[in-house]
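S.K.: A structural model of the following input is requested.
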Amino acid sequence: MFSIYILTYNEELDIAACIESAMLSDDIIVIDSCSSDRTVEIASRYPIRIVQHPFESHGRQRTWMLESIPPKHEWVYILEADERMTPELFAEGEKAIHNPGYIGYYVAERVMFMNHWIRHSTQYPRYQMRLFCHGKVWFTDYGHTEREVCDGATSFLKETYPHYTCSKGLSRWIEKHNRYSTDEAQETLYQLEQGQVNWGDLFFGKSEVEKRRALKDLSLRLPARPFLRFLYMYFILGGCLDGRAGMAWCTLQTFYEYLILLKVWEMKYLPKPSLDAKVIVVEQSTQQVQCAASETTQADAA
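M.R.: Just a heads-up that it's a prediction; the model follows:
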């Protein structure tokens, strides 16, 4: 058996289905970033643990979670609210944790968009570190997301999980990627000034993860990135085989890439606090107030 952490923020539409898919485990822990909707209320209907903590970044939230909220079991799995655990993946995970040769496993996602599996243009199989021995893996920030630091050998699981990336509607997707593009623009500037392309990993990387990350570092240095990304996703990866959903997905990703470039220009030539930064500060302050209010309410109830 392994414990399952579920990360949430305003996930009232997804949280019930996510928890129910994870009920294969006897230890489920929801780490909520002080949601303002009914996420906590809905999650409270299930026999699970719920902890609230203000969101700082994806890497910091995961590190705080692993350091501050001890799991029941030695091994843990990280699940996000718009993802689902499957019986097949859980069964394979139960077998994998008994292998003493590895401290963690990467798992591939199946991106679901417009009721369609976007198999080709998402670089499937695209792996993420999800199942690992507690205390052997932690996370750092990279762009809008995180990257893992592993203290030991890792491997890959064959089973996959569905990721309903647009389950809360296109407006929420656009809002989220507007915020993501700010972080990616900052990371782009940092990589261009201090980073470098790992050519060895790009051509001779031992895993899909190493090759994909080296390819991303290279892409930051290419001209006409949005146009090249569309060509790469739609024609080279085969997004055209994903039908209308594939065309829409590739177009959205091209728009996202262009938004990053515009914000890079803005950060270079208009050095002033961006509106996004102010919004993030306000959101974090609001989250802290909501967390404090929630803790007070829980204490009064006790």
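S.K.: Would you agree residue 152 is in contact with residue 100?
M.R.: No - using CB atoms under 8 Å, residue 152 makes no contact with residue 100, being 10.3 Å away. Where you see a C-beta, it was placed from the backbone N, CA and C, and this is true even at glycine.
S.K.: Those two - which one has more neighbours?
M.R.: A count of neighbours by other CB atoms under 10 Å puts residue 152 above the other of residue 152 and residue 100, at 12 against 6.
S.K.: The more buried one: what secondary structure?
M.R.: coil (DSSP: H, G, I helix; E, B strand; the rest coil).
S.K.: Check residue 55 too.
M.R.: Per three-state DSSP, residue 55 ends up coil.
S.K.: Does it touch residue 31 like I think?
M.R.: No - checked against CB under 8 Å, the pair residue 55 and residue 31 is beyond contact range at 9.6 Å.
S.K.: Show me whatever sits in contact with both of these two.
M.R.: The contact sets of residue 55 and residue 31 overlap at residue 61 (CB atoms under 8 Å, 6 or more residues apart in numbering).
S.K.: Which of those two has more residues huddled nearby?
M.R.: Higher neighbour count among residue 55 and residue 31: residue 31, with 23 against 20, using other CB under 10 Å.
S.K.: tell me the phi and psi of the more buried one?
M.R.: Residue 31 has phi and psi values of phi -110, psi 100 when expressed as degrees, to the nearest 10.
S.K.: Bridged to it, which residues?
M.R.: residue 7, residue 51 (DSSP bridges).
S.K.: Verify the stated contact: it with residue 7.
M.R.: Yes - Residue 31 is in contact with residue 7 according to CB under 8 Å; the separation is 5.4 Å.
S.K.: list the residues that contact both of these two?
M.R.: With CB under 8 Å, 6+ apart as the test, residue 31 and residue 7 both reach 61, 65.
S.K.: how about the helices of this structure, start to end?
M.R.: With DSSP state H as the criterion, the chain has helices at 15-22, 39-43, 58-68, 87-96, 170-194, 199-204, 208-219, 225-231, 243-269, 275-301.
S.K.: Let's have those helices in JSON lines, adding distance to residue 107 and mean pLDDT.
M.R.: Converted to JSON lines, the helices of the chain look like this (distance: least, CB to CB, whole Å; pLDDT from 0 to 100):
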{"stretch": "helix 15-22", "distance to residue 107": "14", "mean pLDDT": "98"}
{"stretch": "helix 39-43", "distance to residue 107": "23", "mean pLDDT": "98"}
{"stretch": "helix 58-68", "distance to residue 107": "15", "mean pLDDT": "97"}
{"stretch": "helix 87-96", "distance to residue 107": "7", "mean pLDDT": "98"}
{"stretch": "helix 170-194", "distance to residue 107": "22", "mean pLDDT": "94"}
{"stretch": "helix 199-204", "distance to residue 107": "21", "mean pLDDT": "91"}
{"stretch": "helix 208-219", "distance to residue 107": "11", "mean pLDDT": "90"}
{"stretch": "helix 225-231", "distance to residue 107": "25", "mean pLDDT": "96"}
{"stretch": "helix 243-269", "distance to residue 107": "21", "mean pLDDT": "97"}
{"stretch": "helix 275-301", "distance to residue 107": "29", "mean pLDDT": "55"}
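S.K.: For residue 139, which of the ones you listed is the nearest?
M.R.: helix 58-68 (4.3 Å; CB to CB).
S.K.: quick check: angle from the closest one to helix 170-194?
M.R.: 90 degrees (axes from the mean of the first three to the mean of the last three CA atoms, to 10 degrees).
S.K.: Name the residues of helix 58-68 that come out as buried.
M.R.: By 16 or more other CB atoms under 10 Å, the buried positions in helix 58-68 come out as 58-59, 61-66.
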